[in-house]
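A.B. asks: no sequence on this one, just coordinates:
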């Protein structure tokens, strides 16, 4: 099993450009998450989807949108990238509410 | 929002020494999870603690959950170079989602 797959692994954007980060899991998990990781700040939740068809804001949702395309896929979109969005982005999934999270390998995004 | 404080931020130890990282919350946690992230890698789940005063062991790693369910610790005995990485605690408050601590980065001096 591949687990949680994220694409791309690396991306460089200019301020104002848009892009979509893709995430797919093959574990039949119900819940999916997007986190960003910045030095000294741990992992902060951007958006999550508790189940197919639902999405909710996390701690730092501003500047992002998400789509739960189906049970497997959960994408994160930056409509107009800003330097403050330079970060490492992780997608994660879990069977349900308080289960362990399974993380993808991450996307390193730089916005210049 | 709720916060989970984790200390220390960095720890450098000689190989073979012990290591401990601590997590604290001002409010009661439903449960707490621990993750390890190797340099350049992604967080990997280690363990979940649910019960007050719970202690769990994984080989050289010992995890504790406080009696009041407001603090937790991870202790590694006789560190090895394979222990290098950042250790995160992540707590759940009530029915909310996981809140991650800021992590403790462990480096080993051979």
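C.D. replies: On my side now, so go ahead. Note that this is a predicted model, so its numbers are computed, not measured.

A.B. asks: please name the bridge partners of the residue nearest to the spatial centre of chain A.
C.D. replies: With distances taken as C-alpha atoms, centre = their mean, chain A has residue A:34 as the residue nearest its mean C-alpha position (2.9 Å). In this entry, residue A:34 is beta-bridged to residue A:47, residue A:91, by DSSP bridges.

A.B. asks: per-residue pLDDT of it, please?
C.D. replies: Looking at residue A:34, its pLDDT is 98.

A.B. asks: OK, contacts around it?
C.D. replies: Residues in contact with residue A:34 (C-beta atoms under 8 Å, 6 or more residues apart in numbering or on different chains) are A:21, A:23, A:45-48, A:58, A:64, A:66, A:74, A:76, A:89-92. Where C-beta positions appear, they are placed from N, C-alpha and C, glycine not excepted.

A.B. asks: give me that answer again for 6 Å
C.D. replies: Neighbouring residues of residue A:34 by C-beta atoms under 6 Å, 6 or more residues apart in numbering or on different chains: A:46-47, A:76, A:91.

A.B. asks: which stretches of the chain form strands?
C.D. replies: Looking at chain A here, since you left the chain open. Under the criterion DSSP state E, chain A contains strands at A:4-7, A:10-13, A:19-25, A:31-37, A:43-49, A:56-57, A:64-68, A:74-78, A:87-94, A:102-103, A:107-111.

A.B. asks: oops, chain B please
C.D. replies: Using DSSP E, the strands of chain B run over B:5-7, B:10-14, B:19-24, B:31-37, B:43-49, B:55-58, B:61-65, B:71-76, B:85-92, B:99-100, B:104-109.

A.B. asks: helix or strand with the lowest mean pLDDT in chain B?
C.D. replies: The weakest-scoring helix or strand in chain B, judged by mean pLDDT, DSSP states H and E, is strand B:99-100 (a mean of 94).

A.B. asks: which outside residues touch that strand?
C.D. replies: Outside strand B:99-100, the residues that touch it by C-beta under 6 Å, 6+ apart are A:42-43, B:2, B:4, B:88, B:90-91.

A.B. asks: are any of the residues you listed buried, and which?
C.D. replies: Using 16 or more other C-beta atoms under 10 Å in any protein chain shown as the burial test, the contacts of strand B:99-100 include A:42-43, B:4, B:88, B:90-91 as buried.

A.B. asks: a markdown table for those residues, including distance to residue B:61?
C.D. replies: Formatted as a markdown table, the buried ones among the contacts of strand B:99-100 follow (distance: C-beta to C-beta, whole Å):
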| residue | distance to residue B:61 |
| --- | --- |
| A:42 | 20 |
| A:43 | 20 |
| B:4 | 19 |
| B:88 | 14 |
| B:90 | 16 |
| B:91 | 18 |
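
A.B. asks: having no further points to raise, I will conclude here.
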